[in-house]
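Chemist: turn this into a model:
(one chain, ligands or ions: 1)
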Amino acid sequence: MDWGLPMAVCLGALYVFAVRAESPSGVYRAFTLIDAPRHVLLWPASLVGWLLVPAIIGGFAGHVIAERISRAKSISTHTLFRQRKLRQRLRPPGLIDDLSAYFHGTVAQQDFVDAWVRVAHRNDWVRAQDHWEVFVRDTMSTQQYAHLDRHECLRQVQSAAKMVLRVTARSCGLCLVCERRR
Ligand SMILES: [Zn+2]
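Modeler: From the prediction side, this is the model:
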């Protein structure tokens with residue numbers, strides 16, 4: 001039996017009665033267990049909240065974990081052991097970008113260097129380059145990029161890393177590698 005419908009009806013009825021009994025914020029505070037219920041009609045709201053909130057959190061955690069597991073399994077053995085094409089084999093491996101070249105690069109590259117080197121590393125170029133390479137290297141060895149060939153992997157990781165690192169540098173003024181090594 002699907003319990004969603006009766007639960008929604010009960011919650012709806014409860015909500016209407018509770019709103020008529022007291023102010024909406026009182027209902028909310030009783031439902032989320034911030035305040036003890038002060039009215040007899042608020043007791044069911046408090047009880048339902050006590051029962052539902054762990055269920056919602058548990059359901060969300062379960063969803064996240066299931067998602068992680070399914071992604072880890074998503075690489076089929078067919079793609080895993082596929083032979084590389086001749087062109088892919090003959091091309092030399094790519095290099096992680098040198099950030100000093102970004103200084104006179106495109107607007108997006110200059111913006112990234114400004115956030116990453118000036119804001120997050122206080123103009124310490126050597127340290128910024130080192131932490132950039134550490135972050136790109138570690139991200140490249142994660143499961144998400146395992147099915148790509150090495151050039152595509154490097155390209156995608158660098159573009160994703162630029163987005164993530166620029167946002168953290170701009171919003172919090174910090175570098176993830178510095179934080180982790182502190
Ligand atoms: Zn750093």
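Chemist: and the strand or helix carrying L52, what does it pack against?
Modeler: Using DSSP states H and E, L52 maps to helix 42-72. Applying 3 or more CB pairs under 8 Å, 6 or more residues apart in numbering; DSSP states H and E, we find helix 42-72 packed against helix 4-21, helix 24-31. C-beta coordinates here come from the backbone N, C-alpha and C atoms, glycine included.
Chemist: those helices: which one's closest to the ion?
Modeler: The ion lies closest, by CB to the ion, to one member of the helices and strands packed on helix 42-72: helix 24-31, at 42.3 Å.
Chemist: what about that closest one, average pLDDT?
Modeler: Throughout helix 24-31, pLDDT has a mean value of 70.
Chemist: check contacts around V134.
Modeler: Applying CB atoms under 8 Å, 6 or more residues apart in numbering to V134 gives the contacts V177.
Chemist: next, it: secondary structure please.
Modeler: helix (DSSP: H, G, I helix; E, B strand; the rest coil).
Chemist: how far away is it from H147?
Modeler: Per CB to CB, to the nearest Å, V134 is found 23 Å from H147.
Chemist: cool, C175 as well?
Modeler: 28 Å.
Chemist: ok, those two, which is more surrounded?
Modeler: Neighbours per residue (other CB atoms under 10 Å) separate C175 from H147, with C175 holding more: 23 against 14.
Chemist: surely the more buried one touches R166?
Modeler: No. Counting by CB atoms under 8 Å, no contact exists between C175 and R166, whose distance comes to 11.1 Å.
Chemist: overlap of the contact sets of those two?
Modeler: W116.
Chemist: list the contacts of G94.
Modeler: Per CB under 8 Å, 6+ apart, neighbours of G94: R150, H151, L154, R155.
Chemist: give the helix, strand or coil label for it.
Modeler: Strictly by three-state DSSP, G94 counts as coil.
Chemist: next one: phi and psi at it?
Modeler: phi -80, psi 160 (degrees, to the nearest 10).
Chemist: that one and P6, how far apart?
Modeler: 59 Å.
Chemist: can I assume Q156 is in contact with Y145?
Modeler: Yes. Counting by CB under 8 Å, Q156 touches Y145, with 6.5 Å between them.
Chemist: okay, now E152: neighbour count?
Modeler: By other CB under 10 Å, 13 other residues sit near E152.
Chemist: hang on, I meant L52
Modeler: Neighbours of L52 (other CB under 10 Å): 13.
Chemist: show the contacting residues for it.
Modeler: Counting by CB under 8 Å, 6+ apart, there are no residues that L52 touches.
Chemist: centroid residue for this protein?
Modeler: V164 (9.9 Å; CA atoms, centre = their mean).
Chemist: give me the nearest residue to it, chain neighbours excluded.
Modeler: L176 (7.9 Å; CB to CB, 6 or more residues apart in numbering).
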